[in-house]
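Visitor: What follows is a predicted structure for the sequence shown.
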Amino acid sequence: MSKMDQAQDRAMALINEIGDGLRKRVPDKAAQWIETGAALGALRAGSKVAGKFVRRNPYLVGAAVAGAGLLWLAARHHARKRTTQEDRPRLQAVRRGDFEQDDYGV
């Protein structure tokens, strides 16, 4: 090994030691703040990309929003229809008087 390689290896070892020392000495909250900052940075970058996409393709975004609204409406309609079908036999039994009464006549 040349002296240059040895110097580079020694510099890398020192950097690794410094990094390990900082990680051990930094409180958990500070590490959590660093992770949160990284997440916020990723969120900012993602929002910029999304903003550019919306500016370039407004009709496509509008169609996607309308489609999502229609899917939500269909799911809501289906859920209401299902609960109505489940309640129908119980309501018919109440009308006919086929329901069970407890000790108090209720």
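Guide: Sure thing, it's come through. Numbering: from 1, shown residues only.
Visitor: Show me what the longest helix belonging to the chain packs onto, helices and strands only.
Guide: The residue-count maximum for a helix in the chain (DSSP state H) belongs to helix 58-96. If contacts are counted by 3 or more CB pairs under 8 Å, 6 or more residues apart in numbering; DSSP states H and E, helix 58-96 sits against no helix or strand. Where you see a C-beta, it was placed from the backbone N, CA and C, and this is true even at glycine.
Visitor: can you pull the buried residues of it?
Guide: Buried residues in helix 58-96, defined by neighbour count with 16 or more other CB atoms under 10 Å: none.
Visitor: How far does it sit from its chain's centre?
Guide: Put simply, helix 58-96 sits 24 Å off its chain's centre (CA atoms, centre = their mean, to the nearest Å).
Visitor: Over to stretch 37-48?
Guide: For stretch 37-48, the distance to the chain centre is 14 Å (CA atoms, centre = their mean).
Visitor: List the buried residues in that stretch.
Guide: Using 16+ other CB under 10 Å as the test for burial, stretch 37-48 gives no buried residues.
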